[in-house]
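**Student:** Below is the structure, and that's it, no one-letter string:
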């Protein structure tokens, strides 16, 4: 028996969340197999084989898998999972789009957003926007689990796994079709894996002010930019910057919350950060209850001074 991990990558490198899923899989005490779907996977497969803790890599590639659709890969994953003890993946939009379909094909229940694996079939996951942790048991013969990547360490290199190439599935029969994508290009670190995140709220008032105030600070700290749901809803920041229960869940070494009130859904996405620094002119803002350091000040005065001090 083995534990399968659905690997996520950009065509050239594994996503950090996949390496964290490998660390999570160690709790099962079983051999770990990475499953790669895509096209032209040589570079990714070589990297996957080096990940510590991975015993085998299954490489499944074809031109129509360059943009992965759940309709294309779910049947193959389901067949592979029938001979495995568990199929896990990071709790990202990529996996959340695929694993429920696999669970339906296998007719098993799945457990999502796990922060701790106590044993095979027993997990800890947050509920009520992260205010409580629930221990759940799943008796299914095949465990389907998504893990909150930030709760686990990043698996390093040092392995020498065997790479096996499997036959690619045929394209789905008109069920779905990839039309295109629009990706935001940025030289900043990826939000989900950044060591430092500078996040802003609705009080920044406009996209121009957001960029003018937080952009220079993020640049000096080599930080990713984040935002609250309110800021995203009002067009102050793009959707892929949203941090929170309905956005990205992050746990950087340093999280700067600037003009962020601290709504429950936002706290669910960042309260596991190692150090939280909050700047807000409201001394009663909920963000100060989770902050390690807090400054009650006007952000339009404090942030430029902070950026200048870092020069």
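**Tutor:** Looks like it came in fine. Quantities reported herein were computed from a predicted structural model and do not represent experimental measurements.

**Student:** can you give me the helices for the stretch 201-311 of the chain?
**Tutor:** 207-221, 229-233, 264-267, 299-309 (DSSP state H, counting those that start in this stretch).

**Student:** Could you pull out the buried residues of the third one?
**Tutor:** Of all the residues in helix 264-267, those buried under the rule 16 or more other C-beta atoms under 10 Å are 265, 266, 267. Where C-beta positions appear, they are placed from N, C-alpha and C, glycine not excepted.

**Student:** which helices and strands does that helix pack with?
**Tutor:** Packed against helix 264-267 by the contact rule (3 or more C-beta pairs under 8 Å, 6 or more residues apart in numbering; DSSP states H and E) you find no helix or strand.

**Student:** which residues sit against that helix?
**Tutor:** 129-131, 228-229, 243-246, 260, 286-287, 290 (C-beta atoms under 8 Å, 6 or more residues apart in numbering).

**Student:** I'd like the distance between residue 256 and residue 218.
**Tutor:** 9 Å (C-beta to C-beta, to the nearest Å).

**Student:** With neighbour numbers in mind, choose between these two.
**Tutor:** Between residue 256 and residue 218, counted using other C-beta atoms under 10 Å, the more crowded position is residue 256 (27 against 24).

**Student:** Just give the nearest non-adjacent residue to residue 132, would you?
**Tutor:** Ranked by C-beta to C-beta, 6 or more residues apart in numbering and with sequence neighbours excluded, the top spatial neighbour of residue 132 is residue 126, at 7.1 Å.

**Student:** got TSV for the helices of the stretch 201-311 of the chain, with mean pLDDT and distance to residue 281 too?
**Tutor:** Converted to TSV, those look like this (pLDDT from 0 to 100; distance: least, C-beta to C-beta, whole Å):
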stretch	mean pLDDT	distance to residue 281
helix 207-221	94	14
helix 229-233	95	16
helix 264-267	92	18
helix 299-309	94	7
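
**Student:** In CSV: the ones you listed, plus distance to residue 197.
**Tutor:** As requested, the helices of the stretch 201-311 of the chain are exported to CSV (distance: least, C-beta to C-beta, whole Å):
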stretch, distance to residue 197
helix 207-221, 9
helix 229-233, 14
helix 264-267, 12
helix 299-309, 15
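
**Student:** circling back: the residue nearest to residue 132 belongs to a strand, doesn't it?
**Tutor:** Yes: counting by DSSP: H, G, I helix; E, B strand; the rest coil, residue 126 falls inside a strand.

**Student:** On the strand side of things, show who it bridges to.
**Tutor:** Counting by DSSP bridges, residue 126 forms beta bridges with residue 133.

**Student:** For it, give its distance to residue 118.
**Tutor:** For residue 126, the distance to residue 118 - C-beta to C-beta - is 15 Å.
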